[in-house]
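J.: What follows is a predicted protein model with its sequence.
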2 protein chains.
Amino acid sequence: MSAADSSASPSAGIVAGVAAGGVPGTEFSAWDVRTGTARSTVFRDASADDVDAAVTAAARAFRGAQLEDSALSPATLVSAIADALDARVDELIAIAALETGLDPDARLRGEVARTSGQLRMLGAEAERRSGAFLAEDPPVPEQSLPGLVLGQVPIGPVGVFGASNFPFAFGVLGGDTAAALAAGCPVVAKGHPAHPETSELLGAIATAAVSELGLDPGWFSLLQGRGESVGSAITVSPELEAVAFTGSTRGGLALSDLAARRPRPIPVFAELGGINALYLLPAAAASPNESFISGLAGSLTNNGGQLCTKPGLLVLVGDEAGLSVVTELARVLGGIETAPLLTGGTRAAFATGVDRLAAIEGVSILHAARGEVPAGAPVPSAVAVLSSAALRADPSAADEIFGPAVVVIVCADADDLLSVVEVIPPGLTGTIHAADGDHALLPPLMRRLRLRVGRVLFGGYPTGVRVGSATTHGGPFPATTTPWTTSVGARAIDRFVRPVTYQNLPDSLRATALAWS
Amino acid sequence: MSAADSSASPSAGIVAGVAAGGVPGTEFSAWDVRTGTARSTVFRDASADDVDAAVTAAARAFRGAQLEDSALSPATLVSAIADALDARVDELIAIAALETGLDPDARLRGEVARTSGQLRMLGAEAERRSGAFLAEDPPVPEQSLPGLVLGQVPIGPVGVFGASNFPFAFGVLGGDTAAALAAGCPVVAKGHPAHPETSELLGAIATAAVSELGLDPGWFSLLQGRGESVGSAITVSPELEAVAFTGSTRGGLALSDLAARRPRPIPVFAELGGINALYLLPAAAASPNESFISGLAGSLTNNGGQLCTKPGLLVLVGDEAGLSVVTELARVLGGIETAPLLTGGTRAAFATGVDRLAAIEGVSILHAARGEVPAGAPVPSAVAVLSSAALRADPSAADEIFGPAVVVIVCADADDLLSVVEVIPPGLTGTIHAADGDHALLPPLMRRLRLRVGRVLFGGYPTGVRVGSATTHGGPFPATTTPWTTSVGARAIDRFVRPVTYQNLPDSLRATALAWS
């Protein structure tokens, strides 16, 4: 579908990009990242009126669903969207491959499946929660204590800001939208300017599902925008109740700051990514580790290293075994052709990041082609090596580099490795690779690591997040702005509901209290 | 104990008020509210160095507890504090009665029991949580899915700002401190300047318990202060991880704003109170309702009406039965002698609030002695009556008045009553009184009300919060700044822990992962 198609149906609540007539400076094109050329479709930043209309429609849809009995549960909606995604997977991956350079079959087809799977899972979670109260305190008449039951209610309209690097799983119908809709919260989604045509198609799928179910069109709106004004306008919109964001620290903090300064502050659930350290303990480094090295090389170059769970730091002890792992890793990486980076901005930031690293005192770059990389070409991966002492002297050496780069921290001994945990900034994950001889190090390392991350892995690699009931995709700031939440898994829904206690609830109202969304 | 006593033991981590030597303008006295005279004890605002020392000590204690195996669980500490509170109840209520004017036996003795009870309950909740993971996803080898278990970790040092109106249950050893300590988070508490001597005694009890258990003294520190600088300094202290606050909207928002602008933002869990509406439905108003009226009069004058759950709004239909309830309520209130208000500031704010109400177009004041009330004297209660139309014209008529005042909203009919729910600001609670003939109104009223409050009551009165596993003491802004939390009950602990997922956790580390605090 073209942008013009959806702009012809404004009654559906979608404010699409239009091909002409925008304010100068507010138009932008979709790009073919493989050729580095603009595509013919032109979008414009949503206006303040567009934002107002979308949020007002969302608030109206929310109020209608909450105040009237409806035959439809939010689970029905997310399930219908999931089915439509699966049915149109070929179209979706074709356009996303053009806009992102990600491999349609090796990567994007699976991401669509994950996205529809996560919609269904969150719908099922919402249904499950409607079956029982979260807690009950029976009345105690002899102490005059009333009976309490703990239910939940959705919070209302949610603004969703998708990420550049996952056009589906963290896109306009990604995990945040799935969790919000399943919770019973209408969504105003902002398409990422790196893939506006993919966003437009996703938006049309959601709008069609809303329409086919006979729901209020305010349940889902898509706004396009390249400039910061669109995101700001959504965030300060009076009837909005929360923002979910996946992206840069700068962007997430700007929205958090705006939201905190509203007359009625609202939460911003911002997943900011950051570094993911992998700790290779001495006995594991000394064990046969060919598969470890190829696994690590794969995890950090997979999708061009453009994953928020990319293992960007390797921490090890600088004995003979440790140093040979570094050499071997650099050799293996040299033989891997990575994916092209997502945008021109990503390419420029990667080059700047590697240059910045190389300029830090004590850093050696073992392997990296430097300089300009043409659009569509893979970026050679980079391995930077420095001592833990050099890291302590300049902790910015551990800053995230988005793309196929890894920083190796060489520690003096096991004690040094334990204490360096607290020098490395908090992140989404921390991974421990240990062998039998590392037994004594495991408890102290785990104790340190769990204070710094949302997920501690024993073996394996942090990329490839299992979407389950025990998933945490989050962590202390700067991994997220809300460390008590997860943006992936069944508990992602918790961000969009709040508890409500019913005191001495009559039996006749029990079903209404349970049917919260 | 005197302030000087505890300042003699700075090694205990307590920064107490001292009797002399402060910077001019930073000293303040304890007051005898019953006589309106200053007591001999003089306190001073904690200095920036005092704050720094307390938070640094808390961070050190936290790090020590997390990184080393300890025979002591936080549950042991909260239980020891609870025992000490019960043992010293007579001392505690004697000093608190002087400083607050609250009745030592009718009110304060029970509040101490609630406070020790809530310490023990939260300790038991922490122990319970150490027995099992929150969720488990077993591995699925055929799909290469790793096993996940969901644990939790405490977040670190917490700043606690107690309330003026509950010297014990929401004081320096109140629910926030209990939840933080039980979660494994050291506490830096700020005493409320309305009762510094009570705070000092509570602080000494906690410090002694910490010391007797051989724990790091940084587990609990008390800072005194009347000026805003102390609260600000605690909130921006770099190693602090969260703030829990109970008090005014202005104060809570100021701290939230500060916390959001830190280089590393932290959450402020602020319970701000607000209005609590009671909806008297038409059939209930027409039923014999003498006990309803006396119950309501008791609930709103209890403790001088200085409770955040005071039913400050009565909403009813202006038929004959409804209007007779208003007349009768005013008559009954006229015969009740209320408690003196907590401070001179509270007295002044109450008088201003009633004057402000009286000046609103359409408001009649049925019963109120106006003008100056001497210290130690009870304040006559006030009944303001206005139509729902007058409320819609000036919604500030529903603003909270702290003290024995009730605003009656007279609706045209049942539909008007339903729609006025959305004009009344969100609050902690909403109460419904219904009789058989009101059956049809219950579902739509409950649906509207649960979007606006944290607790919906059927019958009864909102004062007297049951501290249970299903308790919500919270609600949408402006009831709190964090609507997804509760500050009372077992789930209050959730504010001070965050989730952590262990992927492929070895069996040998399971016990360490479970022992999170």
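T.: Now that the structure is in, tell me what you want to look at.
J.: where does the stretch 51-200 of chain A dip in pLDDT?
T.: A:69-71 (pLDDT under 70).
J.: Check chain A too.
T.: Along chain A, the model assigns pLDDT under 70 to residues A:1-25, A:69-71, A:367-373.
J.: From chain B, how far out is the residue nearest to the spatial centre of it?
T.: Nearest to the mean C-alpha position of chain A, by C-alpha atoms, centre = their mean, lies residue A:246 at 4.6 Å. According to C-beta to the nearest C-beta, to the nearest Å, residue A:246 and chain B sit 17 Å apart. For every residue, glycine as well, the C-beta is placed using N, CA and C.
J.: do residue A:188 as well
T.: 19 Å.
J.: coming back round to it: gap between the residue nearest to the residue nearest to the centre of chain A when sequence neighbours are not counted and chain B?
T.: Spatial nearest neighbour of residue A:246, excluding adjacent residues (C-beta to C-beta, 6 or more residues apart in numbering or on different chains): residue A:163 at 3.9 Å. According to C-beta to the nearest C-beta, residue A:163 stands 20 Å off from chain B.
J.: cool, and residue A:129?
T.: With C-beta to the nearest C-beta as the criterion, residue A:129 and chain B are 13 Å apart.
J.: Phi first, then psi, for the nearest residue to that residue once chain neighbours are set aside.
T.: Residue nearest to residue A:129 in three dimensions, not counting chain neighbours: residue A:152, with 6.9 Å by C-beta to C-beta, 6+ apart. Phi and psi for residue A:152, reported as degrees, to the nearest 10, are phi -150, psi 160.
J.: can you check residue A:28 too?
T.: phi -150, psi 160.
J.: Kindly state the beta-bridge partners for it.
T.: Beta-bridge pairing for residue A:28 (DSSP bridges): residue A:43.
J.: OK, contacts around it?
T.: The contact partners of residue A:28, taken as C-beta atoms under 8 Å, 6 or more residues apart in numbering or on different chains, are A:42-45, A:193, A:196, A:226.
J.: ok, back up a step: thought residue A:268 was touching the residue nearest to the centre of chain A, still the case?
T.: No. Using C-beta atoms under 8 Å as the test, residue A:246 is too far from residue A:268 to be in contact (11.5 Å).
J.: Now name the helix or strand holding residue A:83.
T.: In this assignment (DSSP states H and E), residue A:83 forms part of helix A:74-87.
J.: could you check whether that helix is close to chain B?
T.: No. If you take C-beta under 8 Å from any C-beta of the partner chain as the test, helix A:74-87 misses chain B, and the best it gets is 15.7 Å.
J.: buried sites along the helix or strand just after that helix?
T.: Following helix A:74-87 in sequence order, the next helix or strand is helix A:89-100 (DSSP H and E). Within helix A:89-100, the residues that count as buried by 16 or more other C-beta atoms under 10 Å in any protein chain shown are A:89, A:92-93, A:95-100.
J.: can you map out the helices along the stretch 101-250 of chain A?
T.: With DSSP state H, counting those that start in this stretch as the criterion, the stretch 101-250 of chain A has helices at A:109-129, A:175-183, A:196-212, A:228-236, A:249-260.
J.: Among the ones you listed, which comes closest to residue B:444?
T.: Nearest of these to residue B:444, taken as C-beta to C-beta: helix A:175-183 at 21.8 Å.
J.: how about the residues of the stretch 201-350 of chain A that lie near chain B?
T.: A:253, A:256-257, A:260-261, A:264-265, A:267.
J.: Give me the neighbour count for residue A:516.
T.: 21 (other C-beta atoms under 10 Å in any protein chain shown).
J.: er, residue A:104 I mean
T.: Around residue A:104 there are 18 residues (other C-beta under 10 Å).
J.: got it, and the one 3 residues further on?
T.: In terms of burial, residue A:107 registers 19 neighbours under the definition other C-beta under 10 Å.
J.: Can you name the residues that contact it?
T.: residue A:303.
J.: try 10 Å this time
T.: A:93, A:96-97, A:100, A:166, A:168, A:302-304, A:339 (C-beta atoms under 10 Å, 6 or more residues apart in numbering or on different chains).
J.: among the helices of the stretch 101-250 of chain A, which is nearest residue B:510?
T.: helix A:109-129 (25.7 Å).
J.: returning to that earlier point: how far off centre is the helix holding residue A:83?
T.: Chain-centre distance of helix A:74-87: 20 Å, with C-alpha atoms, centre = their mean, to the nearest Å.
J.: in that helix, what's buried?
T.: Within helix A:74-87, judged by 16+ other C-beta under 10 Å, the buried ones are A:74-82, A:84-86.
J.: what's that helix packed up against?
T.: helix A:109-129, helix A:175-183, helix A:196-212 (3 or more C-beta pairs under 10 Å, 6 or more residues apart in numbering or on different chains; DSSP states H and E).
J.: between these, which gets nearest to residue B:211?
T.: Of all the helices and strands packed on helix A:74-87, helix A:109-129 comes closest under C-beta to C-beta, at 45.1 Å.
J.: can you redo the residues of the stretch 201-350 of chain A next to chain B as JSON lines with neighbour count?
T.: Converted to JSON lines, those look like this (neighbours: other C-beta atoms under 10 Å in any protein chain shown):
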{"residue": "A:253", "neighbour count": "20"}
{"residue": "A:256", "neighbour count": "24"}
{"residue": "A:257", "neighbour count": "15"}
{"residue": "A:260", "neighbour count": "20"}
{"residue": "A:261", "neighbour count": "14"}
{"residue": "A:264", "neighbour count": "14"}
{"residue": "A:265", "neighbour count": "20"}
{"residue": "A:267", "neighbour count": "24"}
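J.: Nearest to residue A:444 among the residues you listed?
T.: Closest to residue A:444, out of all of these and judged by C-beta to C-beta, is residue A:253, at 32.7 Å.
J.: Is stretch A:405-414 positioned near chain B?
T.: No. For stretch A:405-414, no contact with chain B is found by C-beta under 10 Å from any C-beta of the partner chain; the gap never falls below 15.0 Å.
J.: How far away from the center of its chain is that stretch?
T.: That offset, for stretch A:405-414, works out to 27 Å (C-alpha atoms, centre = their mean).
J.: Stretch A:123-137 now?
T.: Worked out by C-alpha atoms, centre = their mean, stretch A:123-137 lies 26 Å from the chain centre.
J.: got the CA positions of that stretch in PDB?
T.: This file holds the C-alpha atoms of stretch A:123-137, laid out as PDB (Å, rounded to 0.1, in the frame of the first residue of the first chain):
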ATOM      1  CA  GLY A 123      -3.300 -11.900  24.600                       C
ATOM      2  CA  ALA A 124      -3.300 -15.200  26.300                       C
ATOM      3  CA  GLU A 125      -1.700 -13.600  29.400                       C
ATOM      4  CA  ALA A 126      -4.400 -11.000  29.500                       C
ATOM      5  CA  GLU A 127      -7.100 -13.800  29.300                       C
ATOM      6  CA  ARG A 128      -5.300 -15.700  32.000                       C
ATOM      7  CA  ARG A 129      -5.300 -12.700  34.300                       C
ATOM      8  CA  SER A 130      -9.100 -12.300  33.800                       C
ATOM      9  CA  GLY A 131      -9.600 -15.700  35.400                       C
ATOM     10  CA  ALA A 132      -8.500 -14.900  39.000                       C
ATOM     11  CA  PHE A 133      -7.700 -12.000  41.200                       C
ATOM     12  CA  LEU A 134      -4.000 -11.300  42.000                       C
ATOM     13  CA  ALA A 135      -4.600 -11.700  45.700                       C
ATOM     14  CA  GLU A 136      -7.400 -12.200  48.100                       C
ATOM     15  CA  ASP A 137      -7.700 -11.500  51.900                       C
END
